[in-house]
Each structure stands twice: as structure tokens, then as C-alpha cells.
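Engineer: Predicted coordinates and the sequence they were generated for:
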Amino acid sequence: FSKAVRACFASLGEDYSPTVKPTGNAKHGDYQCNDAMMLKKRLQGTPDACEPKAAAEKIMQALRDGHDGSVIDTSRISMTGPGIVNAFLSDDYLKAYVTSLQLKGILPPVHPRRRAVMDYSSPNIAKEMHVGHLRSTILGDSLARLLEFCGHEVVRLNHVGDWGTQFGMLIRYIKQFKPDMVSYDPEADAGKLSVSELMDFYKASKKVFDKDADFKKASQEEVVALQAGEATNVRLWRLICAVSERAFSEVYDLLNIRGLVVRGESFYNPKLEATVQELIDKGVAEESKGAWIVQVPGTCAPMMVKKSDGGFNYSSTDMAAVRQRIEEEKGDWLIYITDAGQAEHFKQVFWAAQQVGWWDPQKVRIDHVPFGLVCGPDGKRFKSRSGDTVKLIDLINEAITRARAVLDEKMAQKEDSSLSEAEMAAIAHTVGVGAIKYFDLRGHRTSNYEFSYEKMLALNGNTAVYLLYAYVRIRSICRKYEATGKTMSEARAAFAANPSQLSLSHNSEKDLLRVLMRLQETLDLCTHTLTMHLLADYLYKLSTEFAKFHRDCQVLGSEQELGRLIMCDTVAEVMKKSLELLGLSVPERM
């Protein structure tokens, strides 16, 4: 399209690049170019000036004259509307794409390599992870997988809440009401406590804190002692952190979340004074009633970076964090994955970082990646029946239990099953966790969604269960082929030696490959927009097109057996890689 448009309209210059995108209606073509309608104004007053339809006619003729049919099917170029140029990819190009996937494997889109520092999950120490941590954890993990696949260096940071007044309350409570724990070793004795017990301690300490002035004063003194490095308080703080991190790891293991480095608020504590002082010295922060604030244009309220009593807050910490991640971590792409309610806060942090000179947008990309709420049937935040926040580990285990029930029901319909109990348990885990992840990722991240076990575990529709079954069905075709005494390795070698055996004699074959070949552009768009629902959409479309292909085209025993078998193999590999990028494990049998 670029060559055709520039050939028609020389006054646009050699750098002009037209907008080409997938067609809105597949019957018109695979891709469309709308530039003819926009060129009327741009070309006005030049020798190339013309009406949109005339411009479209010129572009169509240039496409026919300038292509040999190896990429575009020159016999199927058309115009719709006031000047939209549509084109189908040629059969030869579709065949070449499958051949490339078989010979070279699945290649990522090409991007300049960056060091991406990602901030996601971020639970609070001494508190259990709950449903509110679900989206940040799942979205962050899938985006990290995608960026690594695309060649970026990814640093995964878990910015846990491990500092503040609550630790003084907990330490005071332990010393006063659980004195036997004072001597606990953070490493050796962390298993003697649970995070649920820590939450009970916190609730109890809060009640005493609110009622007992002496306890309140003692708790504040414990914070001061902790900040000063007093040995007993530091040991108890480390114990509380160790117990919490064990609980976090249990959740991460269930979800197959890997590579998260815990770097909590305490890490930045030594940097806070210098960070805020530089904001003051450079005139970015100003004094207000004894506190120091940053006035950010377009926001509802100023950002406080130092309280009137000299203390710091989470804004101070986030200012220190963005500076450290650029200057020390050498990140040139910072990504913060939090709920949409924090959008204004991060707008303030990033604006202040730019004003003070720590962030140069020409050198470093910074993104806040917001997401919506997980809701119950009432449209409000998802809660348990008792009205409590749902513990994340309970939610995951319930999904696994329900997935097992679905599998048992399916297996009961079969006369024979060779799956062992251990295999069934593993598949139930894969399906249950995958169902939660996919249900979260399939919608645009900024949208709220209603959490429903029934919907996410449905056998039909856009669910993980449907996609995993689709993948397993494809692999079963390959296993049936191998049951005849042949191997897929031999089939792949035979195809590599003679790719012409891919005939594309049926429209369902062509339609399947047209969807298949959009993998790279989908991954490219996901990377640029930091949205994963596009990959989920691609997967669902691919699986539905494969179902049509399988309905219409016999694979085993047909004259086109090898070519169609290779199509099955290629689709399976693309599905597996795409599911893995979304964070789903993929079973070979179900």
C-alpha cells in the first residue's frame, strides 16, 4: 500500500506511510486503506489533487500494476464506500506464512530492546492477598511474559506495603500480648505463624490502639525504634514480613507467577529525605501549613510529599521509587499496573518527576496501566456472602474444585479413560487457574467485570475451558496420526522438503490461515497498548475458525493429509504460545 500510494501521489513525499488495518467486514478483504478519503484536503492545491473515489481508483490500479500477486491477490482488489480500498492476501502468501512458522518457529514482532521495570501485584505485609490483588497480578504477569517474548529485558517488582505505623502496633501487641514470640527467628520460625494470625493480631492491636492512650504511645515509640534499627524490633519486623511472604508465595505458586522480586516501601525509606529535599530545592514542592506539597495542573488536589510533622507518606515513597528505577535500575520503560482509582496519583508522580528533572520522556517511557473492578452480581466490589473481602487463595482453590467437578462429569460420559487420579488433579488445577486468568484477561482491562465461576468454567464460548479443549482436540489429531506408526517429526520434515503439499483447496483452509497470520500484528498491538484482551480475542477467533476447518476438511486419510496435518500442528503451536503468553498452562490431554 505504501508503494502504491506514493507512486500515485508524488507530492506526499517518500516518507509518507498510509494507514492500513484489518477490514471491518471479512467479505470485502483482509486489509483496507482509508487514505483516499483523507488525501483530498492534504493534496489540495497540488497537481495530485482529486476526489476520494478518484484517489481510490488510482491506488487500486497502482496495486494491480505494482504487485505480482505473491502478497496481494490482484484480482480481488475492490473499493467500498466513499473511497475505502480493500485487498485480500494471496494464497501463495498464506502458504508462505505457514511454511515460515514451520521452519523458523513463532517469531515475535521486532521492537527496539528496552529495560522494562514493572510494578505489579503489590499486596500488604501482615494481610492476606484478596480478590483486589487478582487483576494486577494476572495482568502484570501476562504483560511481563509478552514483553520478554518480544525481546525486552523485564524486571518484575513486587512493591509490597511493608512500612508504617501498623508495624509499630503489631510489634507492641506481640511484645505485650504474645511475649513468647519475641524470640522467634525470622527464618527458622516463620512457619510457626500464619498470615491469618497476623491479621488477627492487627485487628486486635487496632482496637487497643484506638482505646488505650498508653498502648498508642508505646506503638508510636516502637515505630521510631524500628526506624532507628533497634535489633528486637527489626527482628520482629522481619518475622512479620517472612510470614507474609510465605503466604504470598503460596498464592503465586498456585497461579504460576514467577520472577517477582519483593522490593517494598522499606527499600526506599533511606532515600526519602534526599528525594523530597530535591523537590523542595528545585521549586517543585512548596510549603503549605507546615507540610510540603506539589501542585500538579489538572488534578483535584495537591500531592503531599512531606507531612507537617516531618513524616513521609506513600507519595514520598513513589517519588523515590520512580527516581531509583530510572537512575539506579537504569529502566527506560517503567510500567505501573494498579487499579484505575490511582490514575490521578500517578499522573502527579510522573509530572513531578519530569519537572524535577529525573524523567526525560524522550529517553524513558512511563506507563500507568489501569484496570477496572472485579464485581459481584450486584455490580459492586466482589465480596463473600458474609460481606467480607474474598481471600485470593480461597477463590483459586474453589475454581480448581469446580473445574474438577466439570472434568469428572465429562469423564463420566466416556466409557474408558486412561487418565490417572494424579493426571486428573493436575488438569483440574490447570483448568481452574486458567479459567480465572482468561476470564480476567479476555475483556478490556479498564472495564469492570462480574466474577462468575459458572461463566468462566463454561464449556462453550470465549472461555479458557473451550480454548484448552480446542487445543487438546488438535493434538489428538496428531496423536491419531502417530498411532498409524508415523511421527509428527517425520511429517514436519516431509513438509519442509516439499511445502507445495499445502494446497488450500477449501475456503475454510484459507479462512483459518487468514486468522493465523495475524499473530504478529496482534502481539505488536498488545505491546504498544499494554492490553492483553486483543490476544484473547485472537485466540478465540483462531479456535472458532479451526472448528470450521475441522468440520469442512478431512485431515487424516485425505489426499491433502500432510498439508492439513501441518496446518493442525501449526495452529496448535500458535495456540500454545498464545495461551502461555496469557499465563495459562496447557495440557496435552483432557
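Structural biologist: Arrived safely, thanks for sending.
Engineer: Can you show me the helices along the stretch 201-350 of the chain?
Structural biologist: Counting by DSSP state H, counting those that start in this stretch, the stretch 201-350 of the chain forms helices over residues 213-227, 231-255, 265-268, 272-281, 314-327, 343-356, given from the N-terminal end onward.
Engineer: can those go into a markdown table with extra columns for distance to residue 482, mean pLDDT and mean neighbour count?
Structural biologist: Where you see a C-beta, it was placed from the backbone N, CA and C, and this is true even at glycine. Output for the helices of the stretch 201-350 of the chain, formatted as a markdown table (distance: least, C-beta to C-beta, whole Å; pLDDT from 0 to 100; neighbours: other C-beta atoms under 10 Å):
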| stretch | distance to residue 482 | mean pLDDT | mean neighbour count |
| --- | --- | --- | --- |
| helix 213-227 | 63 | 93 | 16 |
| helix 231-255 | 33 | 96 | 19 |
| helix 265-268 | 53 | 95 | 20 |
| helix 272-281 | 62 | 97 | 17 |
| helix 314-327 | 50 | 97 | 22 |
| helix 343-356 | 53 | 98 | 19 |
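Engineer: between the ones you listed, which gets nearest to residue 47?
Structural biologist: Closest approach to residue 47 among the helices of the stretch 201-350 of the chain (C-beta to C-beta): helix 343-356, 44.7 Å.
Engineer: Need the contact partners of the closest one.
Structural biologist: Residues outside helix 343-356 that contact it (C-beta atoms under 8 Å, 6 or more residues apart in numbering) are 278-279, 282, 284-285, 294, 296-300, 303, 305, 315, 318-319, 322-323, 326, 336, 338, 359-361, 366, 368, 370.
Engineer: of the helices of the stretch 201-350 of the chain, which approaches residue 572 most closely?
Structural biologist: Between residue 572 and the helices of the stretch 201-350 of the chain, the tightest spacing by C-beta to C-beta is seen for helix 231-255, at 24.3 Å.
Engineer: any idea how far the closest one is from the chain center?
Structural biologist: 26 Å (C-alpha atoms, centre = their mean, to the nearest Å).
Engineer: Over to stretch 479-487?
Structural biologist: Here the centre of stretch 479-487 is set off from its chain's centre by 37 Å, with C-alpha atoms, centre = their mean.
Engineer: And that stretch, end to end?
Structural biologist: According to C-alpha to C-alpha, to the nearest Å, stretch 479-487 extends 9 Å from its N-terminal end residue to its C-terminal end residue.
Engineer: Run through who's touching it.
Structural biologist: 488, 491, 556, 565.
Engineer: What about these, which one has the most neighbours?
Structural biologist: By neighbour count, taken as other C-beta atoms under 10 Å, the most surrounded of the contacts of stretch 479-487 turns out to be residue 565 (23 neighbours).
Engineer: nearest to residue 332, of the contacts of stretch 479-487?
Structural biologist: Nearest to residue 332 among the contacts of stretch 479-487: residue 488, at 41.9 Å, using C-beta to C-beta.
Engineer: my guess is that closest one contacts residue 478, does it?
Structural biologist: Yes: using C-beta atoms under 8 Å, residue 488 is in contact with residue 478, at 5.4 Å.
Engineer: Identify the contacts common to the two.
Structural biologist: Between them, residue 488 and residue 478 share the neighbouring residues 565, 569, with contact defined by C-beta under 8 Å, 6+ apart.
Engineer: Counting neighbours, what do you get for residue 589?
Structural biologist: Residue 589 has 11 neighbours, counted by other C-beta under 10 Å.
Engineer: Quick one, grab the pLDDT at it.
Structural biologist: Model confidence at residue 589, given as pLDDT, is 87.
Engineer: Surely it touches residue 419?
Structural biologist: Yes: at 6.9 Å, residue 589 and residue 419 qualify as touching, with contact defined as C-beta under 8 Å.
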